[in-house]
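Visitor: Predicted model follows, preceded by the sequence.
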Amino acid sequence: MSSKKDKIASQQRRVGLLYDNRMCKHFNPDDNRHPETPNRIKAIWDKLQTTGITDRCVILDAVDAEDKHILAVHSKKHVDQIKNISNKSFNYRRNLAARLNSIYFNEGSTKSAYLAAGSAIEVAKRVASKELNSAAAIIRPPGHHAEPDEAMGFCLFNNVAIAASYLLNENPEFGVKKILIVDWDVHHGNGTQKMFWTDSRVLFFSVHRHEHGSFYPADDNGFYNMIGEGAGAGYNINVPWENGRCGDADYFAVWDHILLPVAKKFKPDIILVSAGFDAAVGDPLGGCRVTPFGFSLMLKKLMDLAEGRVVLVLEGGYNLDSIAKSMHACLEVLLEDKPLVGSSEAYPFESTWRVIQAVRKELSPFWPTLASELPQELISQVADPPHTLGSSSDSEDGEAPPRLKTIAELLEEVIKPLSNLNVYADEENAASCSWRSELSNVYLWYASYGSNMWRPRFDCYVAGGQVEGLQKPCSGSVNKTLPNEILWKTFPCHIFFGRDSSRSWGPGGVAFLNPEKNSQHKTHMCMYKISLEQFNDILLQENGLSLDAGSSLFDMTTLNAISNKEFSYREVVKDGWYGHVVYLGKENDIPIITMTCSPLDIEGFKSGNLPLRAPNKSYANTLIKGLVEGEQFSEAEAIVYIDAAAKSL
């Protein structure tokens, strides 16, 4: 007669766990505060060791991927590029990274990329062969943004796509004919989507923050009407959030009313999860609020499919505490030896139901299970809106991006490159722009009181791009590295709105600062820590000038000249709307500067020779969003603040 202990052991699931410290050798050589850091996987592994999870799992060894398996989804040119990148010179790597979208390279990049891809294959084949019930790969760099012929979004090789292709094409003895890929990373899995766009053997599902194409990767590929083509039509499902702050209830609703009904009909043989944890509470890039319990319940629901053969492959996630707790919660589910404990908010956002209904309608011709209308009593149960601007009439859909509590949570809202570096194509250009290298390591606080108070708008001036309401996209700075330090501060001076229209926003006034110190006034400013080189590029863009400047507008000599007295200023762009730079003091011994119009213009506004004019709705809403998300005011208070400034000088 078997013992009770033997019976329990026989019932335990065999869960594989893979981690290898060699993947920590890939790091940004120019920015030790870059969010995609080796500490991401170290934090997860430390948590799992501390809690004893590692003792309950089957520990697997990382292996390098073979080129032939990577070439199944990536072009030869791309594979050769990553294969050889670590052997290239430092400057070559920097130049290549600068041409790509949010990518860095160092001497450890090749090895890490090959280990990450090979490890994804390793855990997938162990589960597909039924040697293990399920598994998790704690790997980096992540993969789901990597496209067939290009690295992007911190991703070098598309790890999950490589593993899926391996199972489908390399080992028929596994019997894997249909794979469900679930991508719950907060960003759209653009690379994975492209790799299986016409393949009905893969049901690709991505739920992500989209915001009508303004959230990274900032295109329309993640919209719900992108459903696949040819044989793959209907096998690509996108659930694009219209706003941030989506949490457990929003994700559960999508699982119950889109993913699970379709997946049950699809009947996958195995499930691969692109397990990004940047939708977690407190993530510095995601701006959503999924809890560890939320991730664990989503995973638990998936385990009812494919006989529980589920493989987790780490993607994003940049809050070290959140990713560690979330992965730990998921492994507890895979082990199935503890009941789920937790709860979350009761209802999804109204926008969530709207998106769910749109997705169901789009996919219903392919999946009749989605054809029925959701009950009104269900979709009428909603949480408070994540954020509104005055009233529903103030924005087209009554909702706008939510308040985000950390400085980086809007880091990728309008991203082009996040980590592009200040690199020049040839020596001739470098010589003509020597001022750039001289000012690239001099830092200051740029204080914004206008539309740049909203982080996505400011990022346009650094990374390039366009937010809603802007009349045309910005070119961005030469050095596109986004700031990772931001502060708010008030100053005893007054803002006002003037001019009939602007190139950037069309009809309506834009904000100017009267730098005359006045204790009766209090102006809220959002301060970004940037280089003096970048500030020059913002000056050029604000004044409609080309970035191909042979000399700086505002150099160290000028900065030192005005830094002896607060609220002193100097003209740097003749006749420019924002041609005067104002010194506002210091913060942490770093100069604070801003820009405004000339004293003659201010007198012109006072006399009526230049028109004072209230801002238009788009511009005003941008200021309000900046003030609210910066936690300076409630929405109502922000509206009053802007209205008051628009009525006087």
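Guide: Arrived safely, thanks for sending. Numbering: from 1, shown residues only.
Visitor: Strands of the stretch 1-150 of the chain, start to end?
Guide: Remark: strands assigned in the stretch 1-150 of the chain by DSSP state E, counting those that start in this stretch are 15-19, 58-60, 134-138.
Visitor: closest to Tyr446 out of those?
Guide: strand 134-138 (38.3 Å; C-beta to C-beta). Any C-beta I mention is one placed from the backbone N, CA and C, and that applies to glycine too.
Visitor: one step back: want to throw the strands of the stretch 1-150 of the chain into CSV with mean pLDDT, distance to Ala447 and mean neighbour count?
Guide: Converted to CSV, the strands of the stretch 1-150 of the chain look like this (pLDDT from 0 to 100; distance: least, C-beta to C-beta, whole Å; neighbours: other C-beta atoms under 10 Å):
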stretch, mean pLDDT, distance to Ala447, mean neighbour count
strand 15-19, 98, 44, 23
strand 58-60, 98, 51, 14
strand 134-138, 98, 41, 28
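Visitor: In TSV: these, plus distance to Gly476.
Guide: Shown next, in TSV, are the strands of the stretch 1-150 of the chain (distance: least, C-beta to C-beta, whole Å):
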stretch	distance to Gly476
strand 15-19	37
strand 58-60	43
strand 134-138	34
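Visitor: Setting aside sequence neighbours, what's the nearest residue to Ser475?
Guide: Counting by C-beta to C-beta, 6 or more residues apart in numbering, the nearest residue to Ser475 once its immediate chain neighbours are dropped is Gly464, at 5.7 Å.
Visitor: What's the per-residue pLDDT of the one you found here?
Guide: If you check Gly464, the pLDDT there is 89.
Visitor: Ok, Ser475 next?
Guide: We note a pLDDT of 86 for Ser475 in this prediction.
Visitor: For it, give its distance to Gln534.
Guide: 13 Å (C-beta to C-beta, to the nearest Å).
Visitor: which one of the two has more residues nearby?
Guide: The neighbour comparison of Ser475 against Gln534 (other C-beta atoms under 10 Å) goes to Gln534, with 28 against 15.
Visitor: re the thing from before, of all the strands of the stretch 1-150 of the chain, which lies closest to Ile41?
Guide: Nearest to Ile41, of all these, is strand 134-138, at 5.1 Å by C-beta to C-beta.
Visitor: Which elements pack onto the next helix or strand after the closest one?
Guide: Downstream of strand 134-138, the next assigned helix or strand under DSSP states H and E is helix 159-169. On a contact count with 3 or more C-beta pairs under 8 Å, 6 or more residues apart in numbering; DSSP states H and E, helix 159-169 meets helix 67-70, helix 109-128, strand 179-183, helix 190-195, strand 270-275, strand 310-314.
Visitor: want to throw the ones you listed into a markdown table with mean pLDDT?
Guide: Shown next, in a markdown table, are those (pLDDT from 0 to 100):
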| stretch | mean pLDDT |
| --- | --- |
| helix 67-70 | 98 |
| helix 109-128 | 98 |
| strand 179-183 | 98 |
| helix 190-195 | 98 |
| strand 270-275 | 98 |
| strand 310-314 | 98 |
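Visitor: Including distance to Phe496 and mean neighbour count, could these go into JSON lines?
Guide: Output for these, formatted as JSON lines (distance: least, C-beta to C-beta, whole Å; neighbours: other C-beta atoms under 10 Å):
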{"stretch": "helix 67-70", "distance to Phe496": "58", "mean neighbour count": "18"}
{"stretch": "helix 109-128", "distance to Phe496": "50", "mean neighbour count": "25"}
{"stretch": "strand 179-183", "distance to Phe496": "47", "mean neighbour count": "27"}
{"stretch": "helix 190-195", "distance to Phe496": "43", "mean neighbour count": "25"}
{"stretch": "strand 270-275", "distance to Phe496": "49", "mean neighbour count": "27"}
{"stretch": "strand 310-314", "distance to Phe496": "50", "mean neighbour count": "29"}
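Visitor: Redo those as TSV? Include distance to Pro515.
Guide: Formatted as TSV, these follow (distance: least, C-beta to C-beta, whole Å):
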stretch	distance to Pro515
helix 67-70	57
helix 109-128	47
strand 179-183	49
helix 190-195	45
strand 270-275	50
strand 310-314	49
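Visitor: Surely Val581 is within a helix?
Guide: No. Val581: not assigned to a helix; according to DSSP: H, G, I helix; E, B strand; the rest coil it is strand.
Visitor: contacting residues around it?
Guide: Counting by C-beta atoms under 8 Å, 6 or more residues apart in numbering, Val581 touches Leu539, Phe554, Thr558, Ile562, Tyr569, Arg570, Val572, Ile593, Thr594, Met595.
Visitor: now with 10 Å?
Guide: 535, 539, 553-554, 558-559, 562, 568-573, 593-596 (C-beta atoms under 10 Å, 6 or more residues apart in numbering).
Visitor: next one: Leu559
Guide: Contacts of Leu559 by C-beta under 10 Å, 6+ apart are Leu439, Val442, Leu444, Leu532, Phe535, Arg570, Val581, Tyr583, Pro591, Ile593.
Visitor: again, 8 Å this time
Guide: Leu444, Leu532, Tyr583, Pro591, Ile593.
Visitor: can I get those in a markdown table with secondary structure?
Guide: Shown next, in a markdown table, are the contacts of Leu559 (three-state DSSP):
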| residue | secondary structure |
| --- | --- |
| Leu444 | strand |
| Leu532 | helix |
| Tyr583 | strand |
| Pro591 | strand |
| Ile593 | strand |
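Visitor: Widest-spaced pair of these?
Guide: Checking the contacts of Leu559 with C-beta to C-beta, the most distant pair is Leu532 and Tyr583, at 13.1 Å.
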